[in-house]
Structures are given as C-alpha cells and as structure tokens.
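K.L.:
Quick one, what's the 3D model for this:
(2 chains)
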Amino acid sequence: MSQQETERPRQQDERLLDIAGLSKSYGTVRANRDISLHVRRGEIVALLGENGAGKSTLVKQIFGLAKPDEGTITIKGDASPVKDPRDAIRRGIGMVHQHFQLVPVMTVAENMILGHETTKGGRLDIDGARAMVRELSKKHGLAVDPDAEVEDLPVGTQQRVEILKALSRKVDLLILDEPTAVLTPQETDELLSVMKELAAAGTSIVFITHKLREVLAVSDRVYVLRQGAVVGEVATADTDARGLATMMVGRDVVLRVDKDEAKPAHEVLSIKDLVVLDDRHLRAVDGFSLDVRAGEIVGVAGVEGNGQRELVEAIAGMRPPQSGSIDLLGKDITKANPRDTHVAGIGHIPEDRERHGLVASYSLADNLVLNRFAEKPFCNGFVRDFDEVRQNAEALFTEFDIRAPGVQTPAGALSGGNKQKVVVAREMSFGPKLLMAAQPTRGVDVGSIEFIHRRIVAARDEGAAVLLVSAELDEVLSLADRIAVIHGGKVVAELPGKDADRTEIGRLMAGDQ
Amino acid sequence: MEWLQRNRISVGTTVVILVAAYVFYVVNDNVATSMFKGAWFFAVPLVLGALTGVVGERSGVVNIGIEGQMLVAAFTAFFTAAASGSLVVGVGVGMLAGIVMGAFLAFTTVKGLMDQIIAGVVINIVATGLTSFFYRPGQVLSANMPQWDIPVLSSIPLIGDVFFQTGPIALFALLAVPVVHLALFRTRWGLRTRSIGEYPSAADTAGINVIRMRLLNVTIGGIFAGAAGAFLSMEATAGFERGMTAGRGFLALAILIFGAWRPLRVFAAALFFGFTNALASQLQGVINIPQQFITLLPYLLTLVVLAVAAGRVRAPGAVGQPFVKGEGS
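P.N.:
All right, here's what the predicted structure looks like:
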C-alpha cells in the first residue's frame, strides 16, 4: 500500500471537488445529513457504507440528478449549483451508474456519442465515433468493438463502454456507483487495475462500494457513511478490514429494546448445507446451516453481499436452492414456492418492500391481505368479502400504528416507514410459525424503527421463531438472542446475543478468522 | 457493399417484386399500370399516417389517435379550401390540424402523464364527434388538385406512371419516406429520438432534454397525419364525408408494426396492403364474390399480418411509458 503511495505522482492538495454541509431529504427520510468531503486530483476516494447509507443520493447530487436541500458542491473552485447532468459533464464530472445508462439496441459507437454528437453536413459522423472508440479503447487498454450492439455484450464489457463514454467527455472526476456489484471476480480485478491506471494518469475517482476488499485494494482515502452522515474519514494506508468494518457498523447509540430472556422451545427452522446461486450463477449461499427455535430471535449479521439476500429468497421460496435442505417444523420446504411457504407458516418481511412487499397501486386494505385474500374469512368460495377485508385493515391500522388517510389509500402514497408497517402488519398478523425479517428497518424513520423492533420481540414472546437478517449490526445486537455471522455464504460463527462483542463480530464479518 | 450485406432480404424482396411487376407490365401494360396506380393511391394515406406513428413511437409515445388526427385534418382541409377558394391554404390548414392534434397528444401524455392509450382514444372520439357535428353538406372545391408530371422520371415505364404522374400530396408522401428514414438513422436528431424512445434515462444522463424532445416530436409528427387527411378529402376525392377515414388510421398503425417502425419498411408494407386491395378489385370481374368481401380484404389482411408480425418485430423499448425525471436508477 505504501509503495503505491510513493509511486503515484500527484499535484498536492489541489481540491477537485469540495462538498460542504450537504443535506438532502426524501419525505421524512433524511438521505444525506450535513456531509462534507473533498477529493484531490488523481486520488481514488472510496465511499463505503451499507445500502441505504446515502451514498447514491450523495453522488446523484454531484452529477446534477438531484438537488441538495442545503450545502454547497464546489467543482474546481466553482461553487455554482450543478444544474443537470449536462452541466456536470461540462464541468468535468463523469458517472458510471449502477444501472448502466446505455441504449441496448444501439451500437457502442452510437452510445458513446449520444448527447455529444458531431455532424458532417447534417449527417451524424459515425465513422468519427468509431475511430474515437478505437482510439480511446487502445489508449486505456479497454477492448470494445465499436460496432457491437450493447445488448449483445456481456455485463463487464457494457461497463467498459460506460467508462469509455465517461472518459470520452474529458472527465477530471469519475464517479463509479457500485461498479463491482454486477461483475464476476475476474472482471472486478480488471476494473480495479483500470481504476489505478486512470488515477495514475491524473483522473480522480469516487468509488462507491460496500466491499472492504475492493476499498483496500484501490483507494487512497475512505469516507464511511452511515444513515446519511459521514461517520469516518481515514487514509486507506492507516486502516484495515477490521477497522473499516467497525466504522461501517458504527458507534451510534444502540437503540435498546427492552426484552426478557428468550425461552427457546422446539426447533422450527432447520437449514442444512444450503447452496443457492445468485443471478450471476455464483454460489452466493455456500454450505449454510442454521437452526432456529420457537421463542428465540436469531440474527444473521454480515457485510451485505455475503449471501443474505439469496438465503432469504431461498427460504421464502422465491429462489430454488442448488442443494441442501430447508425444513420447517419437520416438513421439507426446500422446493416450496412462496405460496407454500406462507401456508407452511412463514411470515416474510422482504428486503425490498417496493418490489416484493407491496403492490403500490392496490389499496392498503388489499395489501394487508395479499397473502390471504383467497382464504376465509376474506373470501367465501369465489366471492371476496370486502367488509372483512376492510375490518381487518382497520384493526391492523390501530394495532400497528399505520398512519394513512384511509384503508382505501393506494400503498404507493405512503412514506417508507408506514409502508414497512403495512408489510410487517400483514406478515405478523396471521400468526406465523417463523417470522423472517430481512432488513426490516431499512429506509425507515426512527419512530417506526422502534415500533417494528418492539413488534418483532412481541412476536417472539408469542412463540414464533424469528430469523432476522440485517446489515445493521446495531439492530442485530439489540434484537437477537443468538447471532450467526455470515461470510462468503456460510456461517462463520455463532454467538449468544447477550453481551456480544461488537469488535469481535466486526472482525468475523470481515472474514478475518 | 456492407449495406447490401446487411439488407439482403429487403433488397432481394424488392428486386423480385420489381421483376415480377415488369413481367406483368410486359404481359398487360394497361391492367398492370392501373393496378399499381390503385395500390399506391390506397397506400398514400397509410404511409403518411404510419410516419406520424414512426416519429411518435420512436420517441416513446404510443399514438393510437392517428385515425382521429387524419379525420380532423381531412375535415379542416376540405372546408378551409372550400371556404377560402385556395387549395394551398386548405392543405396547409389540414397539416396544421394534424400538428395541433399531435400537440394535444404530446401535452396530455408527456407533460400531463395521461395514459397514452386513453389520450389516443380521446382524440379518436373527439375527432368523430367534432367533424360530424360541424359537417355541412353541399360544399365543393373551386378547382381540383393539380396532377403533376415530373420531368424525366415520369417517362420511366410503370414506375413513372405510378409514382411520378401524381398529385402534390402523394409526391409529398413519396419524398417523406426517405427523408424521415435518413433523419432517423443518420442525423443527430434521429439518434436522440431513438434514444428517448428506447431508454430515456440514458438520454437524460447524457444531457438530452427528454420531455422537450418528446413534446416536439409528437407535435411535429402530426404533420404527416394531417397530410394524409388532406389527401383523403382533397386529392383522392374532392369532398368530405362523415367518418371518411374508415379505419385507415388504424391500418396505418398495423403497417407501422408490420414495418417494424422503420420508414422504408413501412413504405413497403403500405404498398403491399395497397396491392392486395387493388388485386381484390381486379378479381371482382373475374370471380364472382360479393363486393363486401372484397372491401373486407385489407382489414382481414391486417389481422393476419399483425398476428404474424407482432411476435417478430420489436417495439421501441420505452414506448408507452411516461418519463419522469429522477425516477429509476
């Protein structure tokens, strides 16, 4: 690391980007809180934090895709607001988005010039574009065929096109929003070396990620974000995986939840040697085994992207496992579909409530019976009983403190916290044997967090087995009776929740044995 | 050479059809000429209507209101021409009517985020209602539309007779096809238009104003449907009838899909429809089938073509979806 430091030439202390006091709220959620940071020329700065920590919101503002509520963004000494992406591009900012901004049916060359076309007598200069692609790809060692259609290219190559597109606009600062999330390990390594070369040539890079290894491999400096605020800044040379993990999970006041000692009873969920593939067909869950008993909360702690999502989806029946078994109360549900798992008694609070938790255009009343609309008493034979649906909704509104104009309001109109309470209410109210909560308080306001935590404990006390999967270590620490640390798709340690040591867990989460 | 390679199917088909047409022409030049003239005559409003569709849908806005745009244009073109005594003013106002209807679709859907299908239906219903209500019988044009002989080109056998001894609006349609095609695939406007219809957020991050461009394209695109309307009431016949578009706007939509949202293919598809229609008329004298079945043919063909083509061609990626800045990604 230190060797690299000396090798890299750098104009000292020229601040390319300077952000002061930046704040941004979406509704009641404060996505960014008083963020200040700077980037020097030729420097690779990592923004590290869990999903929902506010990293994407921050860079969207730098690129002019969102307007700050407060604070200033100074680019090369110019503090005027970034009006839109065009303005950002003009001022030397380039961005590679998490979801590629490429037109799939167009060729690489066409995508490269989109928005900055040169014409010859009214005709698009596509030959010039081809030549530019060839020249740039040669210069930076990023091989792409200018005439290939983007949709035919593998993801890693599409990303290369995105990077070249940004470079073609003479960037001083390149923002990479979770660039490795979609890449294979080999592609990731390639990307990291490209980043180093770019920085050596004088381009500054802001690199968003939640993977510690990548931060340590390429960055010069790290800002750690948590719940919308910068909670730490450190030179990469002065830290290690353990230090970063500790910073990531934070030292905030632990939201203490009053709860009695758990009284674990019979075994409810039993997972053995589970292997689940992710969307890229890699073994995200790789030999995972865990038991959960009635009347206890088992927390799965881990840095995001270590197989938690795939694990939860496999248990919920949304993703078929490759091998291994999942038993619920002695019944094999390894091959069950989501409907079967609900009937078997699993309440599932999904990680992505917008996609898997709610139907935004349906009323709250309907959303509250999404898993039971065809069962008695909400349905008699073929006919739905709307009185029952409405009464159910009204009762749950009171019980779960859902704040909405009425039971017929579309779910999409609610704030994040209230949406989450709707999901929680639905999944808890049918008396599940196993409650599986994935990131149950993500993007939720503090009041709702507390409420949801209390309800989870109440579900335990009523005899349900609870599997809590959370990237917030605080949440796991305050709720779990037993903690399973997940790393690389398997349980690397199981510890009692009481008096668990934060540093110790941080070390285990980082894969440090 | 490369172009020939890539378009060998289109080029091959065109050559085969041309050869067949000329063989037919050599065998019986009178019948051949009148059939192909009839085919092009039938195809003109379809080509123009479909071009409105091409420009709109390539920008990401579905337009099922082409029928209504054409009807209102036919109405305003004819009655303006009759009242003013000027054919030029009539055609001009007809095109303007198409643009105004386009602007209605553009602003309700792009700015107002109204559902695009509903906005199209509204246009069709309003068009039928307005033109029926204000219709006054007994109006006539002071003169017929001129017939032009294009020098040199009109003396080409068959092709000259069909395409270059013609009225001004038919000629406009013939010129519009390559112009829109080149604009769409060879100019800056075209690249941007295709990008906002395929993946608007990519265009947005590249600094293109998606909303403004959609508004402009859908509005201006109405000029073709306007010309189609003027063709129906002034060039094809000299008179306006209630509901005279008779589903041609919807045929244009079918042709738009059959032509895979590409102007040249749209042109070929429209000619194919026109030829089928002309062939049917010819057959009337030969085999004894009721006339109603003959007039049914283009519509029946639409059904078949859509059933076959729908699964094979791909619509612009973002067609039908409103663009709201800052959503997604």
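K.L.:
Where do the strands of the stretch 401-513 of chain A begin and end?
P.N.:
A:434-438, A:465-470, A:482-487, A:490-496 (DSSP state E, counting those that start in this stretch).
K.L.:
Check the stretch 1-150 of chain A too.
P.N.:
Under DSSP E, counting those that start in this stretch, the stretch 1-150 of chain A gives strands at A:15-26, A:29-40, A:44-48, A:70-75, A:93-96, A:119-120, A:123-124.
K.L.:
ranking the ones you listed by burial, who's on top?
P.N.:
strand A:44-48 (a mean of 27; mean count of other CB atoms under 10 Å in any protein chain shown). (Each C-beta comes from the backbone N, C-alpha and C, glycine too.)
K.L.:
Pull up the pairing partners for that strand, direction included.
P.N.:
strand A:204-209 (parallel), strand A:221-226 (parallel) (DSSP bridges).
K.L.:
Run through the chain and note the low-pLDDT ranges.
P.N.:
Since you didn't name a chain, this refers to chain A. A:1-13, A:28, A:51-52, A:185, A:249-256, A:445-446, A:512-513 (pLDDT under 70).
K.L.:
Sorry, I should have been clearer: chain B.
P.N.:
B:1, B:326-329.
K.L.:
Close to chain A: what parts of it are there?
P.N.:
B:186-188, B:190-192, B:194-195, B:198-199, B:201-208, B:314, B:317, B:326, B:328-329 (CB under 8 Å from any CB of the partner chain).
K.L.:
Can you tell me the closest non-neighbouring residue to the residue of the stretch 101-250 of chain A found nearest chain B?
P.N.:
Closest approach between the stretch 101-250 of chain A and chain B, counting by CB to the nearest CB: residue A:115, at 3.1 Å. Sequence neighbours aside, residue B:206 is the residue nearest to residue A:115 in space, at 3.1 Å (criterion: CB to CB, 6 or more residues apart in numbering or on different chains).
K.L.:
likewise residue B:100?
P.N.:
Nearest to residue B:100 is residue B:222, by CB to CB, 6+ apart, at 7.2 Å.
K.L.:
In a strand, that neighbour, correct?
P.N.:
No - judged by DSSP: H, G, I helix; E, B strand; the rest coil, residue B:222 forms no part of a strand; its state is helix.
K.L.:
residue contacts, residue 281?
P.N.:
You didn't pick a chain, so chain A it is. Contacts for residue A:281 (CB atoms under 8 Å, 6 or more residues apart in numbering or on different chains) come out as none.
K.L.:
Let me rephrase: I mean chain B.
P.N.:
Here residue B:281 is in contact with B:38, B:294 (CB under 8 Å, 6+ apart).
K.L.:
and it, what helix or strand is that in?
P.N.:
Using DSSP states H and E, residue B:281 sits in helix B:263-286.
K.L.:
Out of the strands of the stretch 401-513 of chain A, which is closest to residue B:299?
P.N.:
Among the strands of the stretch 401-513 of chain A, strand A:434-438 comes nearest to residue B:299, with 53.7 Å by CB to CB.
K.L.:
So in that sheet, which strands flank that closest one, and in what orientation?
P.N.:
strand A:346-349 (parallel), strand A:465-470 (parallel).
K.L.:
May I see the ones you listed arranged in a markdown table, with mean neighbour count as well?
P.N.:
A markdown table is the format used below for the strands paired with strand A:434-438 (neighbours: other CB atoms under 10 Å in any protein chain shown):
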| stretch | mean neighbour count |
| --- | --- |
| strand A:346-349 | 26 |
| strand A:465-470 | 26 |
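K.L.:
Nearest approach to residue A:246 belongs to which of these?
P.N.:
Of the strands paired with strand A:434-438, the one closest to residue A:246 (CB to CB) turns out to be strand A:465-470, at 16.7 Å.
K.L.:
Next, count neighbours for the residue nearest to residue A:115.
P.N.:
When counting by other CB atoms under 10 Å in any protein chain shown, one arrives at 24 neighbours for residue B:206.
K.L.:
Over to residue B:293?
P.N.:
11.
K.L.:
Check the gap between it and chain A for me.
P.N.:
41 Å (CB to the nearest CB, to the nearest Å).
K.L.:
Helix, strand, or coil at that residue?
P.N.:
On the basis of three-state DSSP, residue B:293 is classed as helix.
K.L.:
separation between it and residue B:284?
P.N.:
Relative to residue B:284, residue B:293 is positioned 10 Å away (CB to CB, to the nearest Å).
K.L.:
How about residue B:9?
P.N.:
From residue B:9 over to residue B:284 (counting by CB to CB), the distance is 33 Å.
K.L.:
These two: which has the busier surroundings?
P.N.:
residue B:284 (13 against 8).
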